[in-house]
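Engineer: Next input, structure requested:
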Amino acid sequence: MFRPMRRFKQQLNQEESRAVLERGTSGVLALAGDGGYPYAVPISYALDGDRLIFHCAKSGHKLDAIARCPKASFCVIDQDQVAPEKFTTYFRSVIAFGVIRVLEGEEALAAAHKLAARYCPQDDGSARAREIADSQGRLCVLEMKIEHMTGKQAKEMMGNKA
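Structural biologist: Coordinates of the predicted model:
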């Protein structure tokens with residue numbers, strides 16, 4: 001179902017790809033948007049096992065697109081350094097593919113806490129709990145189960161692999 005990477009010598013292994021997702025703080029979520037146009041939106045996230053957690057408002061383009069087609073991809077750029085003297089860039093990125101669903105009830109609450117802990121690790125949990133409680137009426141939590149993931153980096157960064 002998923003295509004093999006054409007430049008397979010530049011492919012990151014699953015552990016390296018996962019490390020990119022762990023380091024990242026934002027990425028671009030791509031969905032099937034209105035009128036057949038792709039809809040790609042920058043968004044923060046948390047990696048939790050084999051899933052990505054996102055949050056959004058309770059209505060809008062994202063949720064409409066997910067309702068129409070829950071299949072998505074999510075791209076995180078770990079490095080993008082332009083090397084003009086060599087006419088290239090030193091890049092590292094990961095694309096994850098999966099199906100998104102809206103979380104409800106306790107499941108949504110637990111995921112919201114994981115997402116908040118990712119971005120506010122110094123908090124003992126009390127400020128996060130207040131913020132989540134205050135926004136619960138307008139907060140929607142999404143989960144994307146990772147079905148397939150590929151990472152790639154510039155051949156110049158491959159060391160002895162390439």
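
Engineer: State the next helix or strand along the chain beyond the helix or strand of the chain with the lowest mean pLDDT.
Structural biologist: Lowest on mean pLDDT, DSSP states H and E among the helices and strands of the chain sits helix 126-135, with a mean of 77. Following helix 126-135 in sequence order, the next helix or strand is strand 139-153 (DSSP states H and E).

Engineer: Can you give me the buried ones in that next one?
Structural biologist: 139, 140, 141, 142, 143, 144, 146, 149, 150, 151, 152, 153 (16 or more other CB atoms under 10 Å). For every residue, glycine as well, the C-beta is placed using N, CA and C.

Engineer: packing partners for it?
Structural biologist: The contact analysis (3 or more CB pairs under 8 Å, 6 or more residues apart in numbering; DSSP states H and E) places strand 139-153 against strand 11-12, helix 14-23, strand 51-57, helix 61-68, strand 71-83, strand 88-103, helix 105-119.

Engineer: Format these as a markdown table; extra columns: distance to residue 157, mean pLDDT and mean neighbour count.
Structural biologist: Shown next, in a markdown table, are those (distance: least, CB to CB, whole Å; pLDDT from 0 to 100; neighbours: other CB atoms under 10 Å):
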| stretch | distance to residue 157 | mean pLDDT | mean neighbour count |
| --- | --- | --- | --- |
| strand 11-12 | 10 | 85 | 20 |
| helix 14-23 | 11 | 96 | 16 |
| strand 51-57 | 24 | 95 | 20 |
| helix 61-68 | 33 | 96 | 16 |
| strand 71-83 | 8 | 94 | 16 |
| strand 88-103 | 6 | 94 | 18 |
| helix 105-119 | 26 | 90 | 16 |
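
Engineer: need these in TSV with distance to residue 37, can you?
Structural biologist: Putting those into TSV (distance: least, CB to CB, whole Å) gives the following:
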stretch	distance to residue 37
strand 11-12	29
helix 14-23	27
strand 51-57	19
helix 61-68	10
strand 71-83	15
strand 88-103	18
helix 105-119	28
